[in-house]
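*Asks:* how would this look folded up:
(chains A, B, C and D)
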4 protein chains.
Amino acid sequence: MPHSHRTEVRVRYAETDRMGVVYYANYLVWCEVGRVEFMRALGRSYAVLEANGIGLAVSDAHVRYLAPARFDDRVIIETTLTGVRSRAITFEYLISHAESGARLATASTSLISIDANGRLTAIPGDFRDTLAAVL
Amino acid sequence: MPHSHRTEVRVRYAETDRMGVVYYANYLVWCEVGRVEFMRALGRSYAVLEANGIGLAVSDAHVRYLAPARFDDRVIIETTLTGVRSRAITFEYLISHAESGARLATASTSLISIDANGRLTAIPGDFRDTLAAVL
Amino acid sequence: MPHSHRTEVRVRYAETDRMGVVYYANYLVWCEVGRVEFMRALGRSYAVLEANGIGLAVSDAHVRYLAPARFDDRVIIETTLTGVRSRAITFEYLISHAESGARLATASTSLISIDANGRLTAIPGDFRDTLAAVL
Amino acid sequence: MPHSHRTEVRVRYAETDRMGVVYYANYLVWCEVGRVEFMRALGRSYAVLEANGIGLAVSDAHVRYLAPARFDDRVIIETTLTGVRSRAITFEYLISHAESGARLATASTSLISIDANGRLTAIPGDFRDTLAAVL
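*Replies:* As a prediction, this is how the structure comes out:
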């Protein structure tokens, strides 16, 4: 199992803005799609993690915008796991245009593990082990 | 206390789409702002209602789009309470351009009262009475 | 070619709200996805239509919410073309849960054809013919 | 005129997610509101800049999330201009809770000046001078 995962989205009209391109905040939505699908590809459902009382809250997000994505474009989100600690996970993302291969953005996010009351808590061992195994 | 309430929003760039106007789904967000402020103007906080375990879920929404709203426009949402029953509330909305007064959209929503498990439940009596008093 | 088309979306975390379900405005985004994919299935790209100076602006939207969609659910959008006139198109939508088949929402939208200046204009004949052929 | 500007938003239900807090991408929407209001406070309308054929596209965005914002919270966005060059502007943001004063997030964005074709172009001199005067 590689520690990267590729998923594709089609740009929605809703995601564009009056500049004719995808609004900048929406790249973070794509990063969410990327990391959820990354975990699913490893056999780990983020929905199940939450159903067990553990959430992963974003503590830091950084996006570099290289070229615009446009309505109806097919866009590849390549998600790479870059770190796993007892209470934190980091991912990097390469967002590119499916047809041309052009790089549209790079991004990174740090997530911390919290319980139902929003308090820092350890990531469940088996979940963390699954992620750590592909680092 | 009249049974209508006016609140104003400024169109955000995020709310526009590549047609250069506000994306159609976002009018429903403005309706949410309108009815929350309607309740607040009556001294009733929707946040407090939810903190007490009662949610108002939308069961029906209808929007007629008359003219486009554009980035940076100031927009008036006039919210009118049109019905209160034991487990349902209906609102109507007139969305207009603050400067020109032009009508941009009309809308209506029906909301039903649910408990924390998503089951239909009666709206708390004092909350309902406050709303019913302005009908 | 049937006059209905089914497409699937996976519920994004971004689409949920604090009630734990999909925020009501986001169903209109799914309707957009549904009708764009409907046109694509007929060999007609909405992006190309716009590149030729014609937009389809929503003039009316109506959603009935039957049951909540939740994070990570796979959701089917079944889009049905219900009317084609010289300057207007109507669609209906049935939104259901992919796994259980439960009906989540029904919706309808009316779209009008506008030029780059936002003025009503005729839908290009070949585009209209393609749609009308499946009515 | 100070080089910081404070504006306030009220958290919308639409902006929350199923974790019960504001979805992380929405902080970038608030940054947009903050910088648009910053420019307006200086007598400069971003809408007018765009009407004159110049757009400011975000090239880099970074957010640190310190504490969650919740539905109905009043949130202060304090926007500070940190740099003005011929074709780029940088802002920093402090997002805090209006009532408690708690810091919710810090953010920074870099914007580049583009023409109607998306090509890098100089920021109009008078616009740049207005900004530079408060650095």
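*Asks:* hey, C-alpha coordinates of the longest helix seen in chain A in PDB?
*Replies:* Longest helix of chain A, by residue count under DSSP state H: helix A:26-41. Only the C-alpha atoms of helix A:26-41 are listed here, as PDB (Å, rounded to 0.1, in the frame of the first residue of the first chain):
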ATOM      1  CA  ASN A  26     -13.200  25.300  -1.700                       C
ATOM      2  CA  TYR A  27      -9.700  23.700  -2.200                       C
ATOM      3  CA  LEU A  28      -9.900  22.900   1.500                       C
ATOM      4  CA  VAL A  29     -13.100  21.000   0.900                       C
ATOM      5  CA  TRP A  30     -11.300  19.000  -1.700                       C
ATOM      6  CA  CYS A  31      -8.500  18.300   0.800                       C
ATOM      7  CA  GLU A  32     -11.200  16.900   3.200                       C
ATOM      8  CA  VAL A  33     -12.400  14.600   0.300                       C
ATOM      9  CA  GLY A  34      -8.900  13.600  -0.300                       C
ATOM     10  CA  ARG A  35      -8.000  12.600   3.300                       C
ATOM     11  CA  VAL A  36     -11.400  10.800   3.800                       C
ATOM     12  CA  GLU A  37     -10.800   8.700   0.700                       C
ATOM     13  CA  PHE A  38      -7.200   8.100   1.700                       C
ATOM     14  CA  MET A  39      -8.400   6.600   5.000                       C
ATOM     15  CA  ARG A  40     -11.100   4.600   3.200                       C
ATOM     16  CA  ALA A  41      -8.500   3.200   0.800                       C
END
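*Asks:* and the contacts of whichever helix or strand comes after it?
*Replies:* Downstream of helix A:26-41, the next assigned helix or strand under DSSP states H and E is helix A:46-51. With contact meaning C-beta atoms under 8 Å, 6 or more residues apart in numbering or on different chains, helix A:46-51 is reached by A:35-36, A:39-40, A:55-56, A:124, A:127, C:13, C:71-72, D:18. The C-beta positions use only the backbone N, C-alpha and C, and glycine is treated the same way.
*Asks:* wouldn't A:T79 be in contact with A:H3 here?
*Replies:* No. Counting by C-beta atoms under 8 Å, A:T79 sits too far from A:H3 to count as a contact (9.3 Å).
*Asks:* more neighbours: those two, which one.
*Replies:* Each of A:T79 and A:H3 has its neighbours counted (other C-beta atoms under 10 Å in any protein chain shown); A:T79 has more, 27 against 15.
*Asks:* how near is the more buried one to chain D?
*Replies:* As judged by C-beta to the nearest C-beta, to the nearest Å, A:T79 and chain D stand 16 Å apart.
*Asks:* so is that residue in a helix, a strand, or just coil?
*Replies:* Using DSSP: H, G, I helix; E, B strand; the rest coil, the structure places A:T79 in strand.
*Asks:* generate a ChimeraX selection restricted to the buried entries among the contacts of helix A:46-51.
*Replies:* In ChimeraX syntax, the buried subset of these is picked out as below (16 or more other C-beta atoms under 10 Å in any protein chain shown):
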select /A:35,36,39,40,55,56,127 /C:13,71,72 /D:18
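*Asks:* out of the contacts of helix A:46-51, who's nearest C:S100?
*Replies:* The closest of the contacts of helix A:46-51 to C:S100 turns out to be C:D72 (C-beta to C-beta; 13.8 Å).
*Asks:* find me the pLDDT at the residue lying farthest from the centre of chain A, would you?
*Replies:* For chain A, the residue at maximal distance from the C-alpha centroid (C-alpha atoms, centre = their mean) is A:R18, at 25.6 Å. On the pLDDT scale, A:R18 is placed at 96.
*Asks:* that one sits in which helix or strand?
*Replies:* Counting by DSSP H and E, A:R18 is part of no helix or strand.
*Asks:* OK, contacts around the closest residue to A:N52 other than its chain neighbours?
*Replies:* Once flanking residues are discounted, A:N52 sits nearest to A:P124: 7.1 Å by C-beta to C-beta, 6 or more residues apart in numbering or on different chains. With contact set as C-beta under 8 Å, 6+ apart, A:P124 has these partners: A:49, A:52, A:54.
*Asks:* near chain D, which residues of chain A show up?
*Replies:* Residues of chain A lying near chain D by C-beta under 8 Å from any C-beta of the partner chain: A:18-19, A:21, A:24-26, A:28-29, A:32, A:50, A:55, A:57-65, A:68, A:118.
*Asks:* report the buried members of those residues.
*Replies:* For the residues of chain A next to chain D, a neighbour count by 16+ other C-beta under 10 Å gives the buried set as A:18-19, A:21, A:24-26, A:28-29, A:32, A:50, A:55, A:57-65, A:68.
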